[in-house]
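>>> Sequence and predicted model, in that order:
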Amino acid sequence: MGETVERRRDEALRVVAAERRRLTNLAYRLLGSLADAEDVVQETYARWYALPERRRAEVAAPGGWLTTVAGRICLDLLGSARVRRERYVGAWLPEPVPGGPYGSDPAGDPADRITLDESVHMAFLVVLESMTPAERVAFVLHDVFRYPFPEVAAVVGRSAAACRQLAASGRRRVRDARPPAAPAGERAALVREFKRAWEAKDVRSLVGLLDPDATVVADGGGLAPAVLEPLSGGERIALAVAAFADAQPGVELLECPVNGQDGLVALVDGAVAGVLAFRTAGGRITHVWAVRNPEKLRPWG
């Protein structure tokens, strides 16, 4: 009898521990910050183990309980994040995660637990940032993680019908912002050519690679040099890139997957000084997101 109870307890512990990866993935998509996602997961587990053992034994679906708690914590954080970001120096961008072996931690860095699908592409995360907190939570839980609306309602604190409307609104935002699918290999070729043109300070090639209405958004957070406002226009961006390459001759660029897509990592004296993510359409680069805030480059070593 005692052995049976012990086995059940051990099995319950394994089930709860196995939820960590899924919770980290959920929180990262909801918050756009790996550091905050880890904090949410830690707080979620703290609340679980703070329950009396009898109460934990009564929870029929521990995974569902953990998801509900993590989702509610994220919802609260998203509300306060809007206020914090109003005081942020310059543009705020989601925290990039490595999409390959460079920067990964074999000991188990949280970035290694992020599933690199379309829902973590930088362009997708940027669209999520435009949503209201409730809209974002409803959309991510339902459309990305496939939770039914009654379960989404338990997290958001609204009716299932209201959550259905929130998710539909989020879906429209994503659809309106999504460019036509680029041919296979186009992004990789454009990023490679962008790297070559940057290193050569080849303004003409840069202009040819960039869409005339291209935009660069940089996030230094007041902790690293970065343009405070988005920079628009292919020619203007090309001149700025060449000027930066002139001013920073020691920068080394490496091709590296960023959030599951082709990107670049900038090294200065061997240390990661920036991560660049790209969006392409029509055979040109339409968006560049440059993260320079050192607090957001932790997963990159």
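All right, it came through fine.
>>> In space, what's closest to the residue positioned nearest the centre of the chain - neighbours in sequence excluded?
When Cα atoms, centre = their mean is applied to the chain, the residue found nearest the centroid is Gly32 (4.2 Å). Distance criterion Cβ to Cβ, 6 or more residues apart in numbering; nearest residue to Gly32, sequence neighbours excluded, is Pro94 at 3.4 Å. In short, each C-beta sits where N, CA and C put it, glycine included.
>>> Where does that neighbour sit: helix, strand or coil?
coil (DSSP: H, G, I helix; E, B strand; the rest coil).
>>> That one: what's it in contact with?
With contact taken as Cβ atoms under 8 Å, 6 or more residues apart in numbering, Pro94 is in contact with Gly32, Ser33, Met122, Leu125, Val126, Glu129.
>>> And it, its phi and psi?
phi -60, psi 150 (degrees, to the nearest 10).
>>> related to what we said a few turns ago, which ChimeraX command selects the buried ones in the contacts of Pro94?
Buried residues among the contacts of Pro94 (16 or more other Cβ atoms under 10 Å), as a ChimeraX selection:
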select :32,33,122,125,126
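>>> Can you add pLDDT and give the contacts of Pro94 back as a markdown table?
Formatted as a markdown table, the contacts of Pro94 follow (pLDDT from 0 to 100):
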| residue | pLDDT |
| --- | --- |
| Gly32 | 95 |
| Ser33 | 94 |
| Met122 | 95 |
| Leu125 | 96 |
| Val126 | 96 |
| Glu129 | 94 |
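>>> Enumerate the positions of stretch 21-38 that are buried.
Residues of stretch 21-38 classed as buried by neighbour count (16+ other Cβ under 10 Å): 22-34, 36-38.
>>> typo on my end, stretch 280-300
So for stretch 280-300, counting by 16+ other Cβ under 10 Å, buried means 280-281, 284-294, 296-297, 299-300.
>>> In the chain, where is pLDDT below threshold?
1-10, 12, 100-111, 181, 184 (pLDDT under 70).
>>> Which residue ranges of it form helices?
2-17, 20-31, 34-50, 53-58, 62-86, 122-129, 133-139, 149-156, 160-177, 186-200, 203-209, 234-247 (DSSP state H).
>>> Show me how far the second one is from its chain's centre.
If I follow you right, that is helix 20-31. Here the centre of helix 20-31 is set off from its chain's centre by 10 Å, with Cα atoms, centre = their mean, to the nearest Å.
>>> Could you tell me the angle between it and helix 122-129?
On the basis of axes from the mean of the first three to the mean of the last three Cα atoms, to 10 degrees, helix 20-31 is oriented at 70 degrees to helix 122-129.
>>> Nothing else from me, thank you.
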